[in-house]
Structure formats: C-alpha cells, structure tokens
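S.K.: coords please:
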Amino acid sequence: MTTAEQTAGRTREQIAGRTREQNAAAPVLVLGATGKTGRRVVARLRDAGRIVRAASRSAETHFDWMDRTTWASALDGMRALGLVAPPDPEPIADFVAEAEAAGVRRFVVLSGRGVHRYGMAFEPSLAEAERAVREADVDWTLIRPNSFAQNFAEDLYAVPLRAGLLTLPVGAVAEPFIDVEDVADVMAALLTEEGHTYRTYELSGPRALTFAEVTAEISAVSGRPMRFEAVTAERYVADLTAGGMPEEAARSLAHGHVFLSEGHNTEPTTDVRYILGREPRDFSEYVKSVAAAGIWT
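M.R.: Now for the predicted structure:
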C-alpha cells in the first residue's frame, strides 16, 4: 500500500469515526412520547444520557399531527426521529418532507407485523409512514412488532378479562406476543446505534400462544376465573358498538383480528435477539409481574 493510500485510509477512518461520534450525540425527537411505546423510549434514551425531545399533544413539547404550526419547533435541531404514526395518514408524507428539510437524517418507524400484507386495508397510517420514509432521502429503519403483551393489562383486553370473558374473532391462532419493554429497548437502540439503515425488523416474543392459552394463564396466575370465546367478526363489531365504540373503529379492530386468525404472524422471529443481544421477555414473565401488581384483581 502506498503512503497516499495509507493517508486516504486514515482519513476515511477519521471521518467515519467523527460521523459515529456525531450520531451518538445527535438529539432525538420522539413522537407519541406520552403513549404506550413512546414514553418508554424517552425514558431509556434519557437514562442513557441522550438529548431527547419528547413530543405529543400533551408532552413537554407540544406536537399535533393535525396542527402543522407545531411541527417546526418540534423538529428544530433534531437529527434522529422516532416516528409513531397518527390515526389519519393524510399529514405523514408532508411531515416527513419537512423533517428531512429540517435536517433530520435518521427515522425509526414503529409499524406493525404484517403491514406489507394488509397495507392500506385497515392500518393505512402504518403503511403510509413506511412508504413516506422509504421514498425520502433519509436513513430509515422499520420495526414491525407482533401484538403487545400489554394489551391484556393496559389496553384492549384488560376490561373483558377483569369481567371474566374475552371474546375475539381469532379462533385457535397462536401469536408470539411481545413485551412493549422489548419494543422500547429496540427502538432506543435503533435511534442511537449504527448498522441498521434501510432494514426492516419483525419483533416477536420467544413463543406463540393462543388467546385461549393466554387467558387460562392469566386466570391461573391472577386467581380470577376467566375464559376465552371465539366469535364471528360481526358479533365482535356488534359487541364493541354496543359498548359505545364507533362502528368504523370497531370494524378496523375486527379486521385486524381476522388477519391474525389467518396465521400470518404466528412464527416467532429472532430480530430482538439480533438487535439487543438477548432473548425477548417471555409472556409468562410479563403475566407474573403484572399479576403481582394487582392489575386483574
């Protein structure tokens, strides 16, 4: 190797090293920062000493997808962005373009496993967020998690379980539920580490369980009688609307569960282990920790 080649090599290494240092210190904007995933990502980044701007309609930095006057102040000075899409896909492409123009280079998009199959059918915002960052001149990474374990305690399934009966249009399909804590760990890593550009990761728990098996496990650990019953999509929609949910939202949930029932997302993946260097948390561990807090009692 000539002296000139050696010098060029050292220069490239120095530039690469400076780039890594700059990326390691780059300020991070987290959207949906008060939500289930966002608040956990913010906590992890701050614990790691990162500069984080937590943004949502109710966060310390006010951000509203439908109020474009809030975008510029949220984006100012940011170089990496954790994107949690809004319910309405309409503003996403314009926001991504504005973020790119403002100097945001790295985008990590929280999507959903199976989006590439169902597309705009019932999760249009997730599909649009993926499309928008792929077509922008930015470094992007997509994460597509399975259903969250937290849905059984913090969200959709918690009230029916406490009442003793969970009814869903899913049949005997198995799902490798993932702990949101693992999703947050992954998202924080992707926002701050190198080597994940232009990649799509599918995140799952370590094993697949049917909804009947999950319900039985929660019942046994919590000490409360609970059972699962498979119902038709129409019955599910009727039950949700009778409880006050708008029909459009109810049908979207029904479509999502019918998609799960087709078994597209059943196989566990190894992407959590690849990114974090450890196995994802098992569903049984999650249930025990939540039951100890008295969530289902």
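
S.K.: Once you drop chain neighbours, what's closest to residue 87?
M.R.: residue 125 (6.1 Å; Cβ to Cβ, 6 or more residues apart in numbering). From N, CA and C alone the C-beta is placed, and that goes for glycine too.

S.K.: Wait, the one you found touches residue 90, no?
M.R.: No. Between residue 125 and residue 90 there is no contact under Cβ atoms under 8 Å: 9.1 Å.

S.K.: before we move on, back to that, what residues are up against the residue nearest to residue 87?
M.R.: Counting by Cβ atoms under 8 Å, 6 or more residues apart in numbering, residue 125 touches 85, 86, 87, 88, 89, 92.

S.K.: Shouldn't the second one be within a strand?
M.R.: No. Under DSSP: H, G, I helix; E, B strand; the rest coil, residue 86 sits outside any strand and is assigned coil.

S.K.: I'd like to know how many residues surround it.
M.R.: Using other Cβ atoms under 10 Å, residue 86 has 18 other residues around it.

S.K.: any idea how far it lies from residue 52?
M.R.: Distance from residue 86 to residue 52, counting by Cβ to Cβ, to the nearest Å: 20 Å.

S.K.: and if you look at the fifth one?
M.R.: As judged by Cβ to Cβ, residue 89 and residue 52 stand 26 Å apart.

S.K.: more neighbours, those two?
M.R.: residue 52 (24 against 19).

S.K.: Ramachandran angles for that one?
M.R.: Torsion angles at residue 52 (phi, psi; degrees, to the nearest 10) stand at phi -130, psi 140.

S.K.: Identify the residues contacting the spatially most central residue of the chain.
M.R.: Geometric centre of the chain, nearest residue: residue 110, 4.0 Å, by Cα atoms, centre = their mean. Counting by Cβ under 8 Å, 6+ apart, residue 110 makes contact with 32, 37, 82, 83, 84, 85, 143, 145, 183, 187.

S.K.: Which strand residues bridge it?
M.R.: For residue 110, the beta-bridge partners under DSSP bridges are residue 84, residue 143.

S.K.: Per-residue pLDDT of it, please?
M.R.: With respect to pLDDT, residue 110 has a value of 98.

S.K.: which one of the contacts of residue 110 sits closest to residue 237?
M.R.: Checking the contacts of residue 110 against residue 237 by Cβ to Cβ gives residue 85 as the nearest, at 23.6 Å.
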